[in-house]
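J.: pasting the sequence and the predicted model now:
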Amino acid sequence: MDLLFFIKGVILGFSIAAPLGPIGVLCIRRTLAHGMLNGFLSGLGTATADAVYGCIAAFSLTLVSGFLLDNKFYLHLFGGLFLLYLGFNTFRSVPAEKSVETDVAGLLGAYSSSFILTLANPMTLLSFTAVFAGLGLGVVGRDYLSAGMIVFGVFVGSMLWWILLSASVNILRAKFNTANLKWINQLSGLIIISVGGMSLLSIAFG
């Protein structure tokens with residue numbers, strides 16, 4: 001039975017990670033510019049944040065979830081501004097001449113930036129809560145082992161997606177030159193800026 005919860009968690013984590021959002025754009029851009037490890041860690045930060053929100057939903061941590069939802073205005077504001085900053089820096093960044101995969105600071109930055117961005121979106125928590133309820137998983141908080149298996153499955157499923165995406169993009173990496181990477185940086189920056197702008201607009205009209 002616990003294995004079934006794990007499998008459901010894997011499917012859920014993969015499904016939530018797969019739609020191409022700002023982190024997906026970052027993962028693609030960073031993989032092309034700096035290598036698979038940098039791109040994968042960008043996704044791993046999101047997988048970690050997904051596991052945190054999955055844990056809150058699965059274990060019914062109402063105090064934490066209530067705090068996050070009560071402060072979603074500030075989280076959206078922070079997330080939107082951070083996306084604008086990240087998008088602007090991405091747009092104007094100069095493509096690296098060689099990989100910086102071994103740059104520890106760069107790798108930590110790739111992980112932490114995506115982790116913070118995902119945590120800054122409390123709608124992720126609502127998504128997990130709604131899906132858990134729809135799958136009949138709303139009572140697993142009474143069974144810590146089952147809840148733990150779901151959360152672990154969510155993390156594994158999300159991580160599998162980011163491995164798949166970064167590995168696929170890395171295969172094409174050799175075909176991109178500096179001019180191509182500059183164009184990708186600019187396009188990625190514009191996409192991230194637009195998502196940040198939409199996040200800020202959602203505060204005014206949400």
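T.: Perfect, thanks for sending it.

J.: could you use CA atoms for every contact and neighbour count after this?
T.: Noted.

J.: quick one: least confident helix or strand in this structure?
T.: Lowest mean confidence among the helices and strands of the chain (mean pLDDT, DSSP states H and E): helix 62-70, at a mean of 68.

J.: next SSE after it?
T.: Downstream of helix 62-70, the first helix or strand assigned by DSSP states H and E is helix 72-92.

J.: center of this protein - which residue?
T.: Centroid check for the chain by C-alpha atoms, centre = their mean gives T46 as the closest residue, at 3.0 Å.

J.: quick one: contacts for it?
T.: I23, Y111, S114, F115, L117, T118, S158 (C-alpha atoms under 8 Å, 6 or more residues apart in numbering).

J.: in helices only, show me the residues you listed.
T.: Under the assignment DSSP state H, those contribute I23, Y111, S114, F115, L117, T118, S158 to helices.

J.: who wins for most neighbours among those?
T.: S158 (28 neighbours; other C-alpha atoms under 10 Å).

J.: wait, that residue touches A47, no?
T.: Yes - between S158 and A47 there is a contact under C-alpha atoms under 8 Å: 5.2 Å.

J.: overlap in contacts of the two?
T.: Common neighbours of S158 and A47, counting by C-alpha under 8 Å, 6+ apart, are G13, A17.

J.: okay, and for this protein, where does confidence drop off?
T.: Across the chain, the ranges flagged by pLDDT under 70 are 1-2, 60-65, 68-69, 94-105, 131-143, 177-181, 206.
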